Every structure is written in C-alpha cells, then in structure tokens.
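Trainee: Sequence and predicted structure, then a few things I'm wondering about:
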Amino acid sequence: MVDLSQLNPQQRDAASHGDGPILVLAGAGSGKTRVITFRIAHLLARGVPAKAICAVTFTNKAAEEMRDRVAQLVRDRKVSDELTIGTFHALGLQILRSERAALGLPRGFAIYDQSDSLGAVREAMRGLRDGDRRYDAKAIATRISLAKNAFVAPDDYEGNSADDYDALTVEIYPRYQAALRACAAFDFDDLVCEPVRLFARDADVGARWAARFRFVMVDEFQDTNRAQLRMVQHLVRDHRNLCVVGDDDQSIYSWRGADPTNILEFARLFPGAKIVKLEQNYRSTTTILAAANEVIANNKDRHGKKLWSKIAGGGPIIHAVAHAAEDEARWVAREICGLRERDRLAWSDIAVMYRSNVQAKLVEDELRQASVPYVMYGGQQFFERKEVKDVMAYVRVALNRRDELALRRVLNYPARGIGAMTIERAVAHAHARRAPLWDALGELDAAGPARAGIASFRRVIDKLGAALDAGTDPVDATRALIEDVKLYDDLRDAAGSLSAAQRRIDNVESLLAGIARAHARHTPLGDYLKALALDTSSDDRTADGGDKVVLVTLHGAKGLEFPVCFMIGLEEELLPHARTLNPIATDVTDAEHAVDISEERRLCYVGITRAQRKLYVTRACTRVTRGRTVQRTPSRFLLEIPDDLLEVRDLAEEARQRVPADELRSFFASFAVEE
DNA sequence: GTTGCGTTTATTTTT
DNA sequence: TAAACGCAAC
C-alpha cells in the first residue's frame, strides 16, 4: 500500500480521489509532482493495471522525472515501465504509429521538426505571389502553428483579412498541409491534431482509444492548447476519469497557443469536477511568498490562491537601484561573489533571471570579469548539427521515398552535380503529375546533364533501403552510406580547421552510437529517428553537472528553484515588456482592447516564486537601448510589492562610499594578477 | 555556394 | 548597438 500520510490533507485529497474529473490547483512549490506520483501509485495499489494509466506532460524531462519518481514509489520497474507517461507529442506519435494502417501511412512516415516545417512553408510559398517575395516564411509558419494549436483546419482558417500575413496564410496553410501529406510527413502540431481528427473520422479507432486508459492525468494544465484539450477530452470521453494539475497564475505561454481558459473553465468543461487547492508552499520563505501573493493579487480572472509556508528567515527582499545597467550587472556579479564567500553558497545555488535574452549580455561580461562560472539555460537554439541532420535525411529517404524535404536536403549533398535547374525541373515534373519527387527523378534519370548524379543518388539510397529492409545491422548500413557518399571527406574539406572537422565527425559518430543503442533495444530505426526529432533534452545543454551560476529567462525558469535568485532589469518596458505595452500597429489589437499585462505579471510571479531563501530585485535608472541612453522607470510590479518586505539599496550611493576601498582592492588585484 | 556589404529590426520557446 | 537579413558579386 502507498503511505499517503506523507502528504498534507489537500495533497492526500487529490492523490486519493477516485472516479470523475478533478482539478488540482497547485501553487508554486506546493508539491504537485508529488501528488501526481502518489496518485499513480495509489491507483496501482488499488488494482488499476499500469497499462490503463496515462500521465501527460509537456517536456521529456518532466516525463522522465515522473516515471523515475513513480518507480521509486512502487519499487517495481516492471510495473512502472508499463505506465504510459510522456509528452502530448509522444502520445500522439504512439497513436499515429499504431493506427498507421487506418491512416494509410508508410512505415517510415516522417516527423518534421521546426526547421523542416519552416522549409516546407517556404516551399509552399514558392510561385505564389511571386512579385513580392519579401514575405517572412516564419511569420506564416507561426500562424499555421497557432491555427493548429487552436484546432483550426486548413480550410477553416480565416484570420484577419486586413492583415497581409493572415490573408497569405489562408492560401498557404492548405498547400502546406497537402505537401506534408504528400510526403507522408507530420509536423509537431499534427502529432496532436491528427489523432484527434482520426478519432472523429473513424468511430472504431475513436472508441478503441477512448477505452484505452481508465485514468488520465495531465501536468501543467495551464499550458495546454485547444487541440490538446480535444485529445484529452476524447481519451476520457467514456469514463471522465481525468485529473489535471496546474496553476493558472503560472500561465505564461498563451503567446504560443496555450489557452488558459482550459484551466479557468475546467468546471464548465467537466461538470461536477472536484477542485482542490494546494496552497502550502515547501520552497520559499514567508517574506518571498508575501511579495508573490501581493503582486499576483492584482490580476483578475484567476481561481485565487494564497500561498503560505512555515519557512522563516532569509531577511527582506533586497531592492537594488543602480545608476546604469552596467552598474547593476557589476553589482550582481560582486554580490554573487560575496554570497559565496560570506554565506558559503555554491555557485549553482544562485540564479540570475531576466525577461529577455539580451539582458544576459551585461551580466555575462561581469561574471566573466569576476571569474564566476556560469551556464545559460535555454538561450538560443542549440546548434542544429547540420551533419547529423544530413545523415538522418539519407536514412529518412531510404525508409520513406516520399519524404521530399529530406530528399531535397541531400539530393545534391555532398555535391554530385545536381543543380538548382535540375531540381526545379524535377519538382515541376512531379507536381504536375502529383507524383512523389523520387519517381520524377527516376524518369529524368535517362537524360540531362545531371544524369550521372541522379543515378548515383538513387543507387546509394536504394542500396541503403535494401540493406535496411534485409535486416542488415543499421549501423553497418549507415556507415556504408557514409562511405558511399564520402561524407567525411566533405566534412574535412568544408571545415575551417582539423579540430572543427573532427567535432563534426564525432557528432555523426554519436548518431551512429545512438542507432546502435536503439538497435540493441530492438527499436526499429524509423521509430528511433522519430523519437530523436521529439527529443531535444538529450543535447548537452542539460549537462548541469558543474557548479555554475545559472542565467535564465523568466520563461525558462518555470519549474526551477534556487536558494538565491536575482531578478534583474525590473523596469517598465522590460517587465512588463515594451512589446506587450505597445502592441505594434499591424497587430489585430487596437485601442478598443486595453493592453493586457496580466501575463507579464504572472511572469513576475513565476520569477519571485523561484527563490527559496533570498530574493534580489534590481533595476537601473538609465540604460542603453538600441544605441540610445534612456531614462528608466521602475516596473509597476516592483511597486506592487509592499515596502515593508523590501530593503532598498542605493548602489550609486554605496559606490561613492566604497570607492577608496575598491580602488585599493583593485590595485592589489592587478598587482597579484600581473605577478 | 559563399563572401561581403548595406539595410533593417529589435520578446518569451518546447515538441 | 549588434545581429540578422537581403542582395549582389565572385
């Protein structure tokens, strides 16, 4: 039996809830993962088979953590392995894969990641309105993605006809979708939408999946979009055993399609739902929570919660005011050094959080100056590793000749004399006959200057495909391909230095190692490639082993916690951000709709509640923005924190007093460094 | 294809 | 300010 007495009364109430819908409003640090894992363990103990339980998360990391914690609780790996725990996208993929026949899909159907799908949008935009090709494909891709998130089908898209991009999307979205289907490809959003459409289209399949799970749980429910809600609604259609956990006050992703009404209107969506609030916080001091509560209380449209904790101490929140942004960053760096020396903190106990990535630059400079080790979480797109995607493209084509994007990616890579002209002719030929590009290539093979190149391309692909079909070790088959196309020679030629070339070769080798591991697990190669597309966390950015200060955006900080947190740049136009304050004219919103800063406030709330013991909120009075020095106004959110929780530090004043000591210190420091 | 220059534009990001 | 982008020339 599971020992639910380890939980507080509200947690226990939620974890032991039986049949029917339940909404768990879990405040920051209130132990929501604990509730979900105990609930799963409790259901198992009650005799519910593991196969009948499904838990959905947003990230692979969250899914992994959940599975580990359940495994720890039930102490039976066999049982915990039978649970369905994964992201919405992984679940969608599982559905598509098992209904492959009903959908008429080839075994090697493709998953298009963001850059693949952007490429497909570009392709769909070709030829259309050729005169002004200055349209940004990314803007269209975003609209298509948002439409899919809102479960709007290609033919139903309307948008705002006054908006050029919306109007363009009306034309592009159906073409894009048709192109994907022609390639037997799905983008990330399709992984959620298409299963739902299949359920509606095919009653048998729909009934089967409605009966597949007896209990469904969804984490971070405030982040779900319309399409995801549809999927969940279907999965619990027949039994309504749905447990969702989330926090409306931490809804910060509506800009990418999350629909907070899902959590706000849960009781209406699922009549008779039980609602449990988790308000005891096990993370932060009373001071920090008081500040958080005061700030978030200014938002309307919330379920309403007041976090409390038993953790005392930590002192007041430090409100540091610098003259210039550079001074702010320098002070943060020095204070971090002070914390380590005075309070014996590890670097990794400390985080610096900011609204937008550009703000990190000044802090980075100062930390480097002070020799403080740091990592940036999230940051920019991690390097795409072109060479890995190239090899994957070859394999993708070998598994699915219709995967046009992959085909075009490597058709002339490494160069084999197939120029833009030839490709265009082949594409035109294929589209005219509504046939796959691969077949068109076969017909062009007989003539033209690119004849030899096309023939050799088809030969290597066919050879790889045949080898994979024949059950050859996929690593051997792929390695043979790499040799056939002389990939490593090309990498060596293209790279600037020997070490750069070696790194890229190593990247390909680690892909091969991954394929080998998958093969050892009896995972089919196609399945492994699809999983790889959905998995970004295996990249080495999560390598957080080292003791380093963490630099992270407020968005990226959600779900994390640190003993000491610095929230920097708490100024109007930074938080709340200028883009929220003055929506650009081309946007739909206008004077009639007052600007809504509630999501910015939630962002601030998320930041405050990351801190366990000590919180610093800092700002500057002047800052260089776009090459201009501008006067800054304190963030309105800062003013919402009661004064008695804050201790103000005037850094300009402090610096003036400290100048002699500082100069002395830097004098000795320079002495020591130069020897 | 790649380099270089002038121009433009400035959130947040996972799957 | 600075990086990302478009376009022209190699």
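Mentor: Sure, I can see it. Since the model is a prediction, treat every value here as computed from it, not as a measurement. Residues are numbered from 1 along each chain as shown, chains lettered A, B, ... in the order given.
Trainee: Now do the same for A:R623: helix, strand or coil?
Mentor: Assigned by DSSP: H, G, I helix; E, B strand; the rest coil, the conformation of A:R623 is strand.
Trainee: Identify the bridge partners of it.
Mentor: A:V630 (DSSP bridges).
Trainee: Likewise for A:A324?
Mentor: Bridge pairing for A:A324 - DSSP bridges - gives A:T622.
Trainee: I'd assumed A:A620 was in contact with it.
Mentor: Yes - taking contacts as C-beta atoms under 8 Å, A:A324 lies within contact range of A:A620: 5.5 Å. (C-beta placed from N, C-alpha, C; glycine too.)
Trainee: Looking at those two, which is more packed in?
Mentor: Shown here are A:A324 and A:A620; by other C-beta atoms under 10 Å, A:A620 has more neighbours (26 against 18).
Trainee: you'd agree the more buried one is in a helix?
Mentor: No - read with three-state DSSP, A:A620 is strand and lies in no helix.
Trainee: Next up, the contacts around it.
Mentor: A:V321, A:A322, A:H323, A:A324, A:A325, A:D327, A:E328, A:G569, A:E571, A:R632 (C-beta atoms under 8 Å, 6 or more residues apart in numbering).
Trainee: Alongside DNA strand B, which residues does the stretch 501-650 of chain A contribute?
Mentor: Selection of the stretch 501-650 of chain A residues close to DNA strand B by C-beta under 7 Å from any atom of the strand yields A:534, A:536-537, A:553, A:555-556, A:577, A:579-580, A:584, A:600, A:626-627.
Trainee: Let's have those residues in JSON lines, adding neighbour count and distance to DNA strand C.
Mentor: What follows is those, written out as JSON lines (neighbours: other C-beta atoms under 10 Å; distance: C-beta to the nearest atom of the strand, whole Å):
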{"residue": "A:L534", "neighbour count": "18", "distance to DNA strand C": "24"}
{"residue": "A:T536", "neighbour count": "15", "distance to DNA strand C": "19"}
{"residue": "A:S537", "neighbour count": "13", "distance to DNA strand C": "23"}
{"residue": "A:T553", "neighbour count": "20", "distance to DNA strand C": "15"}
{"residue": "A:H555", "neighbour count": "17", "distance to DNA strand C": "18"}
{"residue": "A:G556", "neighbour count": "17", "distance to DNA strand C": "17"}
{"residue": "A:H577", "neighbour count": "16", "distance to DNA strand C": "17"}
{"residue": "A:R579", "neighbour count": "13", "distance to DNA strand C": "16"}
{"residue": "A:T580", "neighbour count": "17", "distance to DNA strand C": "21"}
{"residue": "A:I584", "neighbour count": "7", "distance to DNA strand C": "17"}
{"residue": "A:E600", "neighbour count": "23", "distance to DNA strand C": "23"}
{"residue": "A:R626", "neighbour count": "5", "distance to DNA strand C": "5"}
{"residue": "A:G627", "neighbour count": "5", "distance to DNA strand C": "3"}
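Trainee: Those residues into CSV, with extra columns for secondary structure?
Mentor: Shown next, in CSV, are these (three-state DSSP):
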residue, secondary structure
A:L534, helix
A:T536, coil
A:S537, coil
A:T553, strand
A:H555, helix
A:G556, helix
A:H577, strand
A:R579, helix
A:T580, helix
A:I584, coil
A:E600, helix
A:R626, coil
A:G627, coil
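Trainee: which of the residues you listed sit farthest apart?
Mentor: A:L534 and A:G627 (40.9 Å; C-beta to C-beta).
Trainee: Residue of the stretch 401-550 of chain A nearest DNA strand C, please.
Mentor: A:A420 (12.3 Å; C-beta to the nearest atom of the strand).
Trainee: Can you report how many residues neighbour that residue?
Mentor: A:A420 has 8 nearby residues by other C-beta under 10 Å.
Trainee: ok, so what distance separates it from A:A426?
Mentor: 11 Å (C-beta to C-beta, to the nearest Å).
Trainee: now swap in A:R201 and tell me
Mentor: A:R201 is 34 Å from A:A426, by C-beta to C-beta.
Trainee: And the two? Which one has more around it.
Mentor: For A:R201 and A:A426, the more surrounded residue by other C-beta under 10 Å is A:A426, and the numbers stand at 26 against 12.
Trainee: Can you give me the pLDDT of the nearest residue to that one once chain neighbours are set aside?
Mentor: Closest residue to A:A426 apart from its sequence neighbours, by C-beta to C-beta, 6 or more residues apart in numbering: A:A440 at 4.8 Å. With respect to pLDDT, A:A440 scores 87.
Trainee: could you dump the host helix or strand of A:A440 to CSV, C-alpha only?
Mentor: Here A:A440 sits within helix A:437-444, counting by DSSP states H and E. Written as CSV, here are the backbone C-alpha positions of helix A:437-444 (Å, rounded to 0.1, in the frame of the first residue of the first chain):
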residue,chain,number,x,y,z
LEU,A,437,9.7,13.7,-56.4
TRP,A,438,11.5,10.4,-56.1
ASP,A,439,9.6,8.9,-59.1
ALA,A,440,10.1,12.1,-61.1
LEU,A,441,13.9,11.7,-60.6
GLY,A,442,13.7,8.2,-62.0
GLU,A,443,12.1,9.5,-65.2
LEU,A,444,14.6,12.3,-65.5
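Trainee: Just the angle for whatever helix or strand comes next after that helix relative to helix A:437-444, thanks.
Mentor: Using DSSP H and E, the helix or strand that directly follows helix A:437-444 along the chain is helix A:451-469. Here the directions of helix A:451-469 and helix A:437-444 differ by 130 degrees (axes from the mean of the first three to the mean of the last three C-alpha atoms, to 10 degrees).
Trainee: and helix A:451-469, which residues are buried?
Mentor: For helix A:451-469, burial by neighbour count (16 or more other C-beta atoms under 10 Å) applies to A:G453, A:I454, A:F457, A:V460, A:I461, A:L464, A:G465, A:A467, A:L468.
Trainee: Kindly report the same for stretch A:31-49.
Mentor: A:31-44, A:48.
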